[in-house]
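Peer 1: Could you look at this predicted model? Sequence included:
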Amino acid sequence: MGRLFLLVALACAAAPAARGNPAEGDPRPPYAVRAALERLPPQRPGTVDLYAIVVGGDAQEVFRREAETVRRVLDERLGTAGRSLAMINDITLPEPEVTLNSLGYALRAVAKRMDLEEDVLLLHLTSHGLRDGEFSLRHPATPLYALTPLYLRSLLDEAGVRNRVVIVSSCFSGNFVGPLSTGDTMVLTAASADRPSYGCSSDAQMTDFSRALYLKALSRTRSLREAAVQTLELVREDEKARGFTPSMPQLRSGSAIDERLRLIERQLERR
C-alpha cells in the first residue's frame, strides 16, 4: 500500500511538469488556430507558393487591427489567399493564440504544407519591442514569455523552413536582423536595434512602418523586395516631416531569397 501511495504521489507531482511552463503556452494552440492550419492547402508542384503567418503578439487593439489588415493586403497583392492565417492575442479571447509554443506549432504545421525547397514563408510580427531585443507576447489570461531573435531562429530552423521573409514591426526590432540573416532569408524591421518605432497607440489602425509597407509601397508594386526598399525611404521621409527621431528601419536580404521572390513576382504578373 505504501509503495502504491508513493507511485501515485510521484505521478501527481510530475503532471504539471509534463504540461510545461504556462508562460510558454499550451503545447497545442487554441482550436481556431489549429482549424485554420488544417485548412491550408498543400503546395502546388511547379509553382513557388507564398505562405503567410501574421502574428499580433500583444493584446493591445492596434496589433489586432494591423494583423488583420496585413493578412488582407498579402492575400490581395501577393497571392497568399488560402495560404495565410493570422494569430492574434485578442483581449476578447479567453486564451492567447500567440505563445512560444503556438508559434512553433504553427511553423511546423505550415512547413508540412510547403515544398521546403521551392516555397516561401512570410512571417509578419507586430507587437511592442523591448530594449533588450525581445518581442512582447502579452494576453490578460496569463503571463507569457517574450520572443527573442535567437529563439525565433531556432523555431524556423526546427520547422525546416528554408526560404523565409521575416518582417518585424516593433521598437528595437533591428535586434532580429543579425540572428535571422541567411542567404535564404529576407529580414525587414521597423527600427534599428537601438531605436523605437512609431504608431502603436490604441486608436491607431496600424503602426507607421506597416502602413508605409502594406498600404503605400505594396499598393504600387507586387515586388516584395522593391516594396521593402521603398518602405525605408517612405518611413525616413515621414519621420523627417513630423520631426521624429529616425527609427532607422533595417533591411537585409540574401541572394537566394531574392531569386525566390522574383519568381513569385513573375507569377503574379502572369495572373
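Peer 2: Sure thing, it's come through. These numbers come from a predicted model, not from an experiment. Residues are numbered from 1 along each chain as shown.

Peer 1: Surely Leu263 forms part of a strand?
Peer 2: No: assessed by DSSP: H, G, I helix; E, B strand; the rest coil, Leu263 does not belong to a strand; its assignment is helix.

Peer 1: Tell me which helix or strand Ala52 sits in.
Peer 2: Secondary structure here is read from DSSP states H and E; on that basis Ala52 sits in strand 50-56.

Peer 1: Show me what that strand is packed up against.
Peer 2: Applying 3 or more C-beta pairs under 8 Å, 6 or more residues apart in numbering; DSSP states H and E, one finds that strand 50-56 contacts helix 61-77, strand 84-88, helix 100-113, strand 120-126. Placement of C-beta: from N, CA and C, glycine included.

Peer 1: ok, and which of those has the densest surroundings?
Peer 2: Stretch with highest mean neighbour count among the helices and strands packed on strand 50-56: strand 120-126 (a mean of 26; mean count of other C-beta atoms under 10 Å).

Peer 1: Strand partners (parallel or antiparallel) of that strand?
Peer 2: With DSSP bridges as the test, strand 120-126 is paired with strand 50-56 (parallel), strand 164-169 (parallel).

Peer 1: what's the neighbour count on Gln250?
Peer 2: 21 (other C-beta atoms under 10 Å).

Peer 1: list the contacts for the closest residue to Pro45 other than its chain neighbours?
Peer 2: Setting aside the residues directly before and after it, Pro45 is nearest to Asp115 in space (C-beta to C-beta, 6 or more residues apart in numbering), at 7.5 Å. Shown here is Asp115, whose contacts under the criterion C-beta atoms under 8 Å, 6 or more residues apart in numbering are 43, 45, 49.

Peer 1: what's the offset of the strand holding Ala52 from the middle of its chain?
Peer 2: Its chain's C-alpha centre lies 6 Å from the corresponding centre of strand 50-56 when counted by C-alpha atoms, centre = their mean, to the nearest Å.

Peer 1: Mind listing residues that contact it?
Peer 2: Strand 50-56 is touched from outside by 40, 63-64, 66-67, 70-71, 74, 78-80, 83-90, 98, 103, 106-107, 110, 113-114, 119-127, 264, with contacts defined as C-beta under 8 Å, 6+ apart.

Peer 1: elements contacting the helix or strand encompassing Leu234?
Peer 2: Secondary structure here is read from DSSP H and E; on that basis Leu234 sits in helix 224-242. The elements that helix 224-242 packs onto, with contact taken as 3+ C-beta pairs under 8 Å, 6+ apart, are strand 185-189, helix 208-210, helix 218-220, strand 250-253, helix 255-269.

Peer 1: need the ones you listed in TSV with distance to Glu233 and mean pLDDT, can you?
Peer 2: Formatted as TSV, these follow (distance: least, C-beta to C-beta, whole Å; pLDDT from 0 to 100):
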stretch	distance to Glu233	mean pLDDT
strand 185-189	13	98
helix 208-210	12	98
helix 218-220	12	97
strand 250-253	11	98
helix 255-269	19	96
